[in-house]
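1. Provided below for reference: sequence and predicted model.
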Amino acid sequence: MTEDDEPLPIPLPIVEEALKLLSKAVRARLLYLPNNPNYAKAAELMGVVFAPMWQHAEECVLTINEHSFQYGTRVVYKEEAQANDSLPWLFFKDGVRELRFLPGFEGEESVKFLDLVVRARKALPDEDDLLTLLWQAEFQTVRYRYVDVGVEGTVPLEYEDGEPATGVLVDSWGETSLSTVAGGGGGIGGDGPEGAGVGGAGVGEGIEGKGGAGGADAPGAPRPSGVVSMSDFDTALYFLDDSEIEYLRSEIRKEYARDERINVVSMLLDIFELQTDILVREEIVGILDSYILQLLSAGHYRAVAYLLAESAAALPRARELESTHRTRVGALADRLSQAETLSQLLQAMDDAPELPPQEELTELFTQLKASSLKTVFAWLGKLSKPKLRAHLETAAGALASQNTAELVKLINADERDVALEAARRSGALRTPAAVGPLGKLLGDPAADVRLTAVLAMSEIATPGALQLLEKMVDDPDREVRVATLRTIAARAYRPALARLEAAVKGKAAKERDLTEKMATFEAYGAIAGDAGVPLLDGLLNSKGFLGRREDPETRACAAMALGRMNSAKARESLQKAAADPKDEIVVRTAVNKALRGGGA
């Protein structure tokens with residue numbers, strides 16, 4: 001059996017028909033307009049004719065010569081037309097020497113491949129060649145090998161002494177082969193047109209000298225013209241190791257990620273510092289004035305924050321600085337912090353389709369002046385976007401933490417929203433200086449204002465704050481009383497014991513709802529200690545005239561308070577109550593929970 005008679009994985013008629021249809025489809029796309037039925041039919045038939053191949057093999061590999069396509073050792077398509085009209089020549093002239101089609105090509109990528117070939121056929125000399133178009137397309141089901149015919153030192157493509165000239169074949173899938181132009185070979189790997197590195201075996205026979213397997217790489221053997229040896233790369237001056245390549249990649253990533261707007265600001269401020277000429281500095285100040293507005297309108301808040309921070313730092317370093325220039329540069333943050341300017345900025349953020357990043361917004365607001373706090377607090381309740389409000393609250397918190405004196409002053413602001421937000425921020429920051437202004441809010445007629453002050457006081461929790469809170473146990477509003485009781489319980493504030501004991505003994509506590517009643521008893525249990533056991537035991541276990549006891553809710557609250565004490569005397573009282581199996585279910589549940597340690 002001759003080499004030509006050897007069976008191939010895919011029957012030759014299928015491959016021949018596919019290539020004939022490819023040529024016809026290219027001509028149809030060149031002749032007809034997109035609205036012509038033949039234009040669309042050409043692309044549809046591409047998928048139909050390539051699909052049967054995958055029933056016989058997992059790939060179809062075509063070798064490309066000047067005027068023909070070759071499958072294995074068989075010529076499956078040949079054109080004797082002029083070179084500029086030949087489909088094989090279209091690939092061959094741009095260096096493509098092998099095409100490899102994979103399953104799935106019959107789908108969208110077949111149409112993409114057809115359009116790419118048509119584009120290369122119509123391309124002008126100064127436009128991209130076919131190899132570049134293939135590389136840009138990033139096909140998943142088409143792979144190719146090529147000879148880079150444009151680099152310096154490439155072996156000519158003509159034949160010498162009856163043998164094909166040798167050269168470097170580069171694979172689109174990451175292998176570079178040292179082989180004859182018409183064949184394949186073992187390879188050095190790479191990635192695309194720039195590939196370099198050690199790779200696996202290719203599809204051809206590789207480079208072998210006339211002397212046998214040793215070939216041109218054998219020690220002392222003469223090397224044919226144009227053959228490249230792997231040993232040439234081992235000690236090459238510009239051969240990079242993995243760490244050097246990774247370093248270059250990281251530096252490139254940093255370069256592309258660098259914000260050039262910040263570089264512009266740095267250069268302007270450097271000139272402002274070093275140049276003492278009045279006219280130069282006047283020009284720089286004018287540029288900064290207009291540039292900050294451009295950055296704000298474009299939403300580049302990090303660059304604005306950098307400009308404000310660095311301009312303030314540049315003032316002490318600048319030599320021979322005029323007072324007018326010092327005032328103008330120092331006023332950049334003041335202008336942005338003004339109520340009118342800042343209101344326009346916040347309105348623009350609320351109207352914008354995209355939200356500013358949280359980090360950039362926080363960086364910008366930390367550069368504003370303390371006077372901007374009032375405007376920011378006033379706008380928190382006006383914003384229509386909840387996510388923007390959350391971002392602004394975080395930024396306002398950072399700004400408030402840097403300006404606690406202004407924050408404390410705003411607690412007694414005339415604007416209700418500003419005062420409440422300042423009170424909340426003071427509590428979140430646990431600012432002791434805010435206790436006095438918050439104490440004034442405790443006497444406000446509005447219940448929500450008093451509640452905000454109580455919650456802020458509970459966060460600050462200094463002795464002075466707790467002392468002011470103690471009187472709120474008798475506040476007219478239920479929410480205020482419950483918040484106060486929970487704060488006293490959490491902080492175990494013993495000076496409130498007398499007031500709580502009076503509340504537990506009195507009728508007022510028993511007439512309140514269950515939540516407030518539980519808060520009152522648990523606060524008492526948290527601070528009374530064993531001295532309060534007799535009172536609670538009497539409420540839980542004592543019987544009055546005709547065996548009457550306290551109402552079940554009061555007894556359950558007394559049981560939870562005893563559990564909060566967690567002492568031997570308290571447990572003794574609870575066990576006495578647990579011994580009565582006929583007791584109310586709510587009381588038994590509270591007693592059992594307290595005995596298990598759930599009284600807190």
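-> All right, it came through fine.

2. what's next to stretch 517-525, contact-wise?
-> With contacts defined as CB atoms under 8 Å, 6 or more residues apart in numbering, stretch 517-525 is touched by 481-482, 485-486, 488-489, 496-497, 500-501, 503-504, 509-510, 512, 532, 536, 553-554, 557-558, 560-565, 599-600. Any C-beta I mention is one placed from the backbone N, CA and C, and that applies to glycine too.

3. buried subset of these as a PyMOL selection?
-> The buried residues among these can be selected in PyMOL (16 or more other CB atoms under 10 Å) with this line:
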select buried, resi 481+482+485+486+488+489+496+497+500+501+503+504+509+510+512+532+536+553+554+557+558+560+561+562+563+564+565+599
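
4. just checking, which of the contacts of stretch 517-525 belong to strands?
-> Assigned to strands by DSSP state E, none of the contacts of stretch 517-525 qualify.

5. all helices for the stretch 401-550 of the chain, in order.
-> Ranges of helices in the stretch 401-550 of the chain, per DSSP state H, counting those that start in this stretch, are 404-410, 416-429, 435-441, 447-460, 463-470, 478-491, 497-505, 507-510, 514-528, 533-541.

6. next: the stretch 201-350 of the chain.
-> Under DSSP H, counting those that start in this stretch, the stretch 201-350 of the chain gives helices at 231-234, 242-257, 260-274, 278-298, 301-317, 323-330, 332-337, 339-351.

7. nearest to K20, out of those helices?
-> Among the helices of the stretch 201-350 of the chain, helix 231-234 comes nearest to K20, with 42.9 Å by CB to CB.

8. can you give me the mean pLDDT across the closest one?
-> Across helix 231-234, pLDDT averages out at 55.

9. pLDDT below threshold where in the stretch 101-250 of the chain?
-> The stretch 101-250 of the chain contains residues with pLDDT under 70 at 148-239.

10. okay if I get the helices of the stretch 401-550 of the chain as TSV plus mean pLDDT?
-> Output for the helices of the stretch 401-550 of the chain, formatted as TSV (pLDDT from 0 to 100):
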stretch	mean pLDDT
helix 404-410	92
helix 416-429	91
helix 435-441	91
helix 447-460	92
helix 463-470	89
helix 478-491	90
helix 497-505	84
helix 507-510	67
helix 514-528	87
helix 533-541	86
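
11. out of those helices, which is closest to E16?
-> Nearest to E16, of the helices of the stretch 401-550 of the chain and by CB to CB, is helix 416-429 at 78.7 Å.

12. list the buried residues in that closest one.
-> Buried residues in helix 416-429 (16+ other CB under 10 Å): V418, A419, L420, E421, A422, A423, R424, R425, S426, G427, A428, L429.

13. ok, now which ones touch the last one?
-> With contacts taken as CB under 8 Å, 6+ apart, L429 has the following neighbours: G397, A400, S401, T404, L407.

14. re the thing from before, now the helices of the stretch 201-350 of the chain in a markdown table, with distance to E106?
-> Formatted as a markdown table, those follow (distance: least, CB to CB, whole Å):
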| stretch | distance to E106 |
| --- | --- |
| helix 231-234 | 40 |
| helix 242-257 | 37 |
| helix 260-274 | 46 |
| helix 278-298 | 47 |
| helix 301-317 | 49 |
| helix 323-330 | 67 |
| helix 332-337 | 61 |
| helix 339-351 | 50 |
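
15. same list, those helices, but as JSON lines with distance to V454 and mean neighbour count please.
-> Putting the helices of the stretch 201-350 of the chain into JSON lines (distance: least, CB to CB, whole Å; neighbours: other CB atoms under 10 Å) gives the following:
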{"stretch": "helix 231-234", "distance to V454": "77", "mean neighbour count": "10"}
{"stretch": "helix 242-257", "distance to V454": "48", "mean neighbour count": "10"}
{"stretch": "helix 260-274", "distance to V454": "46", "mean neighbour count": "16"}
{"stretch": "helix 278-298", "distance to V454": "40", "mean neighbour count": "15"}
{"stretch": "helix 301-317", "distance to V454": "36", "mean neighbour count": "19"}
{"stretch": "helix 323-330", "distance to V454": "41", "mean neighbour count": "14"}
{"stretch": "helix 332-337", "distance to V454": "32", "mean neighbour count": "18"}
{"stretch": "helix 339-351", "distance to V454": "30", "mean neighbour count": "15"}
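
16. to L383, which of the helices of the stretch 401-550 of the chain lies closest?
-> helix 416-429 (12.0 Å).

17. okay, the angle between that closest one and helix 463-470?
-> Counting by axes from the mean of the first three to the mean of the last three CA atoms, to 10 degrees, helix 416-429 lies at 130 degrees to helix 463-470.

18. that older thread, for the contacts of L429, work out which two are farthest apart.
-> G397 and T404, at 11.7 Å, using CB to CB across the contacts of L429.

19. count the residues that sit near the closest residue to G427 other than its chain neighbours.
-> Computed as CB to CB, 6 or more residues apart in numbering, the closest residue to G427 that is not its neighbour in sequence is A456, at 3.0 Å. A count of nearby residues for A456, using other CB atoms under 10 Å, gives 27.

20. from E501, how far off is A456?
-> As for A456, its distance to E501 is 27 Å (criterion: CB to CB, to the nearest Å).

21. if I pick the residue nearest the centre of the chain, what's in contact with it?
-> Central residue of the chain (CA atoms, centre = their mean): P357, 10.3 Å from the mean position. Contact partners of P357, counting by CB under 8 Å, 6+ apart, are Y301.

22. how much space between it and R261?
-> Counting by CB to CB, the gap from P357 to R261 is 15 Å.

23. give me phi/psi at F69?
-> phi -110, psi 140 (degrees, to the nearest 10).

24. if you skip the residues just before and after it, what's nearest to it?
-> Y77 (4.2 Å).

25. thought that neighbour was touching K24?
-> No: applying CB atoms under 8 Å as the test, Y77 and K24 come out as separate, 11.6 Å apart.

26. neighbour count: those two, which is higher?
-> Per other CB under 10 Å, whichever of Y77 and K24 has more neighbours is Y77, with 21 against 14.

27. quick check: that one is in a helix.
-> No: assignment of Y77 by DSSP: H, G, I helix; E, B strand; the rest coil gives strand, placing it outside any helix.

28. quick one: contacts for it?
-> E16, L19, K20, S23, S68, F69, L87, P88.

29. what's the burial count for L124?
-> Neighbours around L124, by other CB under 10 Å: 6.

30. what of P552?
-> 15.

31. what distance do you get for it to R596?
-> 20 Å.

32. for A120, which non-adjacent residue is spatially closest?
-> L130 (4.0 Å).

33. surely the one you found meets L90?
-> Yes: judged on CB under 8 Å, L130 makes contact with L90 at a distance of 6.4 Å.

34. name the residues contacting each of the two.
-> With CB under 8 Å, 6+ apart, L130 and L90 have common neighbours V117, A120.

35. how about the contacts made by the residue nearest to A120?
-> Counting by CB under 8 Å, 6+ apart, L130 has contacts L90, F91, D94, V96, L116, V117, A120.

36. let's see which of these end up in strands.
-> Per DSSP E, the contacts of L130 map to strands at V96.
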